[in-house]
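In: Fold the following and give me the result.
(one chain, ligands or ions: 2)
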Amino acid sequence: MRGGRFIRAVTDAHFTLAAGERLALVGESGCGKSVLASALLGLLPENAETAGSAVLGGGPGAGGGSGPGGGSGPGGGTDLLAADERTLARSIRGRKVGLVPQSPAAHLTPVRTVRSQLEETVRELLRTPRAALRKTAEEVAERASFPADHLDRYPHELSGGLAQRAATALALIGDAPLLLADEPTTGLDRDLVERTVDELARHTGDSRALLMITHDLAAAERIADRIAVMYAGRIVEIADAGDFFGARGPRHPYARGLLDALPERHFTPTPGMPPELGALPEGCAFAERCARVSEKCRVQPLFEDAVACHHVSLDAPEALEAEHA
Ligand SMILES: Nc1ncnc2c1ncn2[C@@H]1O[C@H](COP(=O)(O)OP(=O)(O)OP(=O)(O)O)[C@@H](O)[C@H]1O
Ligand code: NI
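Out: Ligands and ions are numbered 1, 2, ... in the order given. This is a model prediction of the structure:
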């Protein structure tokens, strides 16, 4: 950025996502969730730099290389961080990785109706013959609960929730093995939230994978197999959803705070604000808001045993429970 400043938007993010698995990524506004998703699609701003790899496909049993410019990863998959723009545009976006963008109204083409955008995407991704385009596009809209009588509207004539559903419909068309849904339920009423996440779950089935970014913990609980919690650009905990929302509860103090802040739980928000990503402290970024802070927190905790906290790894679950109560 200007003046030689830089922002560490995402640091040390390590996770796997298997076919048939649904991972919810949660964390406060500005913690790096959308940057992580954008990196996987090669949609970061020009001045952004990445390191590491994000391998799609390959692994045991997967065949085929990634083709020219694909950036081959281990096991024959495609390294999304190394793939060039041409590969991303031709064979990844929409086909291998679908995206429900965070700001659907900005993502839709303003001068064309929803119907024409759906039909174009159906034609492009599914090679559907002209005669069947209309019907297929209507079926696609239906899957995302987009009302048929609004198909001839332009994006500016849609409410936020309708634009959201149009974007979801578009993202589902390519049947991509990985779907990234960046807050796909923002602006929807509770019953539509449920319908949308159920459709995403149904779509994932056991052959595709879903990474859903959300602020809606109820939606995360409804859909996810695992929960990843991000804080100040780092994944601080990955947990089985049953453990996270169940009796054991989250293990990282920040993650526990997220749940405790819910009205249906303790309704007690974590005090303070997350740090600026351009001016992160040396040690644990959560330390200054953490009730368990100690000398150890001056050093960045390693992400070990699926959690990054100096204190938690030593705790027995019962001890945590007692403290939590
Ligand atoms: N183009 C950019 N230039 C500079 N900084 C950026 C840019 N895009 C994002 N950032 C910074 O990266 C950080 C992470 O942003 P990101 O959009 O990933 O947050 P988020 O977790 O998705 O938040 P939200 O829940 O509000 O969508 C933010 O602090 C933001 O200031
Ligand atoms: Ni975001």
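
In: Near ligand 2, which residues of the stretch 1-150 of the chain are found?
Out: Residues of the stretch 1-150 of the chain found near ligand 2 (Cβ under 5 Å from the ion) are K33, S34, Q102. Every C-beta, even on glycine, is put in place using the N, C-alpha and C of the backbone.

In: Ligand 1 contacts on the stretch 101-250 of the chain?
Out: Q102 (Cβ under 6 Å from any ligand atom).

In: Pull the contacting residues for the residue lying closest to M230 once chain neighbours are set aside.
Out: Nearest-residue entry for M230: G27, 3.5 Å, with adjacent residues in sequence omitted and distances by Cβ to Cβ, 6 or more residues apart in numbering. Residues counted as contacts of G27 (Cβ atoms under 8 Å, 6 or more residues apart in numbering) are K33, V229, M230, Y231, L258.

In: picking up where we left off before, now intersect the residues of the stretch 1-150 of the chain next to ligand 2 with the helices, please.
Out: In helices, defined here by DSSP state H, the members of these are K33, S34.

In: burial count for E304?
Out: 10 (other Cβ atoms under 10 Å).

In: That one and ligand 2, how far apart?
Out: Per Cβ to the ion, to the nearest Å, E304 is found 27 Å from ligand 2.

In: Tell me the residue of the stretch 151-300 of the chain that sits nearest ligand 1?
Out: In the stretch 151-300 of the chain, no residue comes nearer to ligand 1 than L277, which is 4.5 Å away by Cβ to the nearest ligand atom.

In: what's the nearest residue to that residue if we skip its chain neighbours?
Out: In space, L277 is closest to I7, 4.8 Å off (Cβ to Cβ, 6+ apart).

In: Do I have it right that the one you found meets G278?
Out: Yes: between I7 and G278 there is a contact under Cβ atoms under 8 Å: 4.7 Å.

In: Which of those two has more residues huddled nearby?
Out: I7 (15 against 11).

In: What is the distance between stretch 10-18 and the centre of its chain?
Out: Stretch 10-18 sits 11 Å away from the centroid of its parent chain (Cα atoms, centre = their mean, to the nearest Å).

In: Could you check that stretch and say which residues are buried?
Out: Neighbour counts over stretch 10-18 (16 or more other Cβ atoms under 10 Å) mark V10, A13, L17 as buried.

In: Now do the helices in this structure.
Out: Taking DSSP H as the criterion, the chain carries its helices at 33-40, 85-87, 104-107, 114-126, 130-143, 160-172, 190-204, 217-223, 241-245, 253-260, 317-324.

In: so which of the ones you listed gets nearest R153?
Out: helix 114-126 (6.1 Å; Cβ to Cβ).

In: Now do whichever residue of the stretch 1-150 of the chain sits closest to ligand 2, the pLDDT please.
Out: Here the stretch 1-150 of the chain gets closest to ligand 2 at one residue, S34, 3.0 Å apart by Cβ to the ion. For S34, the pLDDT comes out at 95.

In: Adding mean neighbour count as columns, could you present the helices of the chain in a markdown table?
Out: Shown next, in a markdown table, are these (neighbours: other Cβ atoms under 10 Å):
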| stretch | mean neighbour count |
| --- | --- |
| helix 33-40 | 22 |
| helix 85-87 | 14 |
| helix 104-107 | 18 |
| helix 114-126 | 19 |
| helix 130-143 | 15 |
| helix 160-172 | 24 |
| helix 190-204 | 17 |
| helix 217-223 | 21 |
| helix 241-245 | 19 |
| helix 253-260 | 22 |
| helix 317-324 | 12 |
